[in-house]
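Trainee: Here's my sequence, what's the structure:
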Amino acid sequence: MLFLGLGGVVYALGRSQTRERIMAYDEGLAEIMRGDLEGLGGVEEKRMFGGLCFMLDGNMLCGVHQGGGMFRVGKEREARALEIDGAGPMTFTGRKMGGMIDASDEAIADDARRDVLMALALENVRSLPPKV
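Mentor: Sure, this is the predicted structure:
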């Protein structure tokens, strides 16, 4: 049996009745993004919405969730990001989130596509005032 714990963490209750933590996102994709952001100052990780978000100077930059990830490219760069194979509009509770892009796990695993999405997200977030 599965149940949702604090912070969106999913647990499995097995025959032994002990809680076993289940990742709600692909740790391999998280490692890929960590590698992209390595050496960049002001980056921190936060668990949100059952996934993992990467923040730059307190602003959401990108993240991973079950089945892929997301990039905060901003409304000005959204059309360009949507041209990338495997990228689509980010929806949360059925509503489109302007300036946010959902990326398939294949798009994140592909260096060229991920590099473009990450560059667009970095350009956007660097234009925002720090929240730190």
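
Trainee: Name the next helix or strand downstream of the lengthiest strand in the chain, please.
Mentor: If you go by DSSP state E, the chain has its longest strand at strand 95-104. Per DSSP states H and E, strand 95-104 leads on to helix 105-109 as the next helix or strand towards the C-terminus.

Trainee: chain center to that next one: distance?
Mentor: Relative to its chain's centre, helix 105-109 lies at 12 Å (CA atoms, centre = their mean, to the nearest Å).

Trainee: Report the rounded mean pLDDT for the helix or strand that that helix is followed by.
Mentor: Using DSSP H and E, the helix or strand that follows helix 105-109 in sequence is helix 111-126. For helix 111-126, mean pLDDT rounds to 98.

Trainee: got it, and stretch 88-106?
Mentor: On average, stretch 88-106 scores 92.

Trainee: Which residue ranges of this protein form helices?
Mentor: 27-37, 78-82, 105-109, 111-126 (DSSP state H).

Trainee: could you dump the ones you listed to TSV with distance to Cys53 and mean neighbour count?
Mentor: (C-beta placed from N, C-alpha, C; glycine too.) What follows is the helices of the chain, written out as TSV (distance: least, CB to CB, whole Å; neighbours: other CB atoms under 10 Å):
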stretch	distance to Cys53	mean neighbour count
helix 27-37	10	16
helix 78-82	17	15
helix 105-109	14	19
helix 111-126	12	18
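
Trainee: got those helices as JSON lines, with distance to Met90 columns?
Mentor: Shown next, in JSON lines, are the helices of the chain (distance: least, CB to CB, whole Å):
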{"stretch": "helix 27-37", "distance to Met90": "16"}
{"stretch": "helix 78-82", "distance to Met90": "10"}
{"stretch": "helix 105-109", "distance to Met90": "13"}
{"stretch": "helix 111-126", "distance to Met90": "12"}
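
Trainee: Indicate which one of the ones you listed is closest to Met60.
Mentor: Met60 lies closest to helix 111-126 among the helices of the chain, at 7.6 Å (CB to CB).
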